[in-house]
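J.: predicted model follows, preceded by the sequence.
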Amino acid sequence: MKAFKTLCWIAASAISAALFASAASADAIDDWLLHKNSATEPKIAYAGAPIELKFSFPQPPASIVPPVWRQAFDWLAEATNKKLSFKLFGAGTLVGIRDGFKGVGAGVSDYGTCFTVFEGRGFELTKVFGQPFVATGSALVNTRIYLELAEKYFAPEFERQGVYYGYSVHLGSNDIMSKKPIRSLADLRGMKIIAQGMVPEIAKAYGFVALNIPFPDIYTAAQQGIADAVIWTDGGFVPYKLYEVFKYRTTLGIVSPTMDTCINRKSFDGLPPDLKTAFYNFQQYTAAAVAQRTVVDFRNKALAIYKEQGVETIALTSDELERGKAIAKTVVDAWVAAREKDGQPGRALIADIEKLKAKYASMSDEEALKLLLDRPVKGIVKF
């Protein structure tokens, strides 16, 4: 079985790379990667020996995220005149998916993915977009909102775990692929749905059973009938070829999944000042690149594949979405009450999110991308 999975991952890696390459287009990310954006180019005075650090992530080759990371790290090495570079350790070879905070905090890795979704306690505020219908529909705007609120709400939760906050990139809104058509939220009732990291209150409110199955095993679980549906994003549905099992895709948008990163404090603190600045800003450029490439650019490619594979895409009516948001309000209100009871600023966080959602309501993806690249948020890590 292990050998079979390895072969599947190798095959999926080739598919992922092809999909990623075909989705790329001339845009602000291309200009950044080609060093054509002067606003993103660091000024490097450090003349000492080159510094190589380690970056760890659990995603297997099937994921469409690693190709973006590799390009981003190549940019960093070039932009710093090879004075700062990272060696990448993927597929959990250095630090497992659930061990990011421990591994990075202990120095096993200098920098890596640290998924707050798998942490039982300590990241209640960082997980706010895991609450139903709190996020916007734009991965780029969601990512910007998180960065603007990180210093006040999220970075302290990371620092209490002994690491620095890197970024939380938002991977679009979760949709659902299913074996039977879902044309209303009532159709979810009684279904067994793979929903990684989704808070149980959401499943209870909408009447389905949530299954937390690791992404390498999702296809097999679906094929064997363990699950009726999967709540995920196009960046998961397509590379893992779930369209072979599920022939219906409903645009749901209940939550916005995040991919978080954290930094070993000793590794960061030991960098020369100019490399600290370059690496700090690099976090936000990379978050922008991942959101753009794996969500915005990938969307049309995914829709074409669904059509080719005979998958019906279903959009809920506006009335149905309003009913869904009314149900969501009870879940969010309970979350706010729980945070306030624990002495946490849950109400203030939701209010700040709503203010920023209103501020950026008319912002296009192109404008949000330019904002992320040209105006990095200051002060998330103090140095």
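T.: Noted; the coordinates are in hand.
J.: for the stretch 151-300 of the chain, just list every one of the strands.
T.: With strands called from DSSP state E, counting those that start in this stretch, the stretch 151-300 of the chain shows them at 163-170, 175-178, 192-194, 209-211, 229-232, 248-251, 258-264.
J.: save those strands as a markdown table, and put in mean pLDDT too.
T.: What follows is these, written out as a markdown table (pLDDT from 0 to 100):
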| stretch | mean pLDDT |
| --- | --- |
| strand 163-170 | 97 |
| strand 175-178 | 97 |
| strand 192-194 | 97 |
| strand 209-211 | 96 |
| strand 229-232 | 96 |
| strand 248-251 | 97 |
| strand 258-264 | 97 |
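J.: those: which one's closest to Thr317?
T.: strand 248-251 (11.2 Å; CB to CB). C-beta coordinates here come from the backbone N, C-alpha and C atoms, glycine included.
J.: and for that closest one, what's in contact with it?
T.: When contacts are taken as CB atoms under 8 Å, 6 or more residues apart in numbering, the neighbours of strand 248-251 outside the stretch itself are 173, 175-183, 237, 243, 306, 311-316.
J.: so how do I select the buried members of these in ChimeraX?
T.: One line in ChimeraX is enough to select the buried ones among these; burial here means 16 or more other CB atoms under 10 Å:
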select :173,175,176,177,178,182,237,243,306,311,314,316
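J.: ok, and the helix or strand in the protein with the lowest average confidence?
T.: The element with the least model confidence among the helices and strands of the chain, by mean pLDDT, DSSP states H and E, is helix 2-23, at a mean of 41.
J.: just checking, next helix/strand downstream of the longest helix anywhere in the chain?
T.: What stands out as the longest helix in the chain, according to DSSP state H, is helix 318-341. Next helix or strand after helix 318-341 toward the C-terminus (DSSP states H and E): helix 346-359.
J.: what does the next helix or strand after that following helix contact?
T.: Heading C-terminal from helix 346-359, the first helix or strand you meet, by DSSP H and E, is helix 365-374. Outside helix 365-374, the residues that touch it by CB under 8 Å, 6+ apart are 27-29, 32, 37, 39-40, 138, 140-141, 143-144, 147, 284-285, 287-288, 292, 296, 360, 363.
J.: and these, which of them are buried?
T.: Neighbour-count burial (16+ other CB under 10 Å) is assigned, among the contacts of helix 365-374, to 27-29, 32, 37, 40, 138, 140-141, 143-144, 147, 284-285, 287-288, 292, 296, 360, 363.
J.: now Tyr46: closest residue in space that isn't a chain neighbour?
T.: In space, Tyr46 comes closest to Pro272 once its chain neighbours are excluded; the distance is 4.4 Å by CB to CB, 6 or more residues apart in numbering.
J.: check Asn142 too.
T.: With CB to CB, 6+ apart as the measure, His170 is the residue that lies nearest to Asn142, at 3.7 Å, once sequence neighbours are left out.
J.: so how far is Glu151 from that neighbour?
T.: Between His170 and Glu151 the computed distance is 18 Å (CB to CB, to the nearest Å).
J.: the more surrounded of the two?
T.: Between His170 and Glu151, counted using other CB atoms under 10 Å, the more crowded position is His170 (27 against 16).
J.: wait, that one sits on Ser256?
T.: Yes. With contact defined as CB atoms under 8 Å, His170 reaches Ser256; the gap is 4.9 Å.
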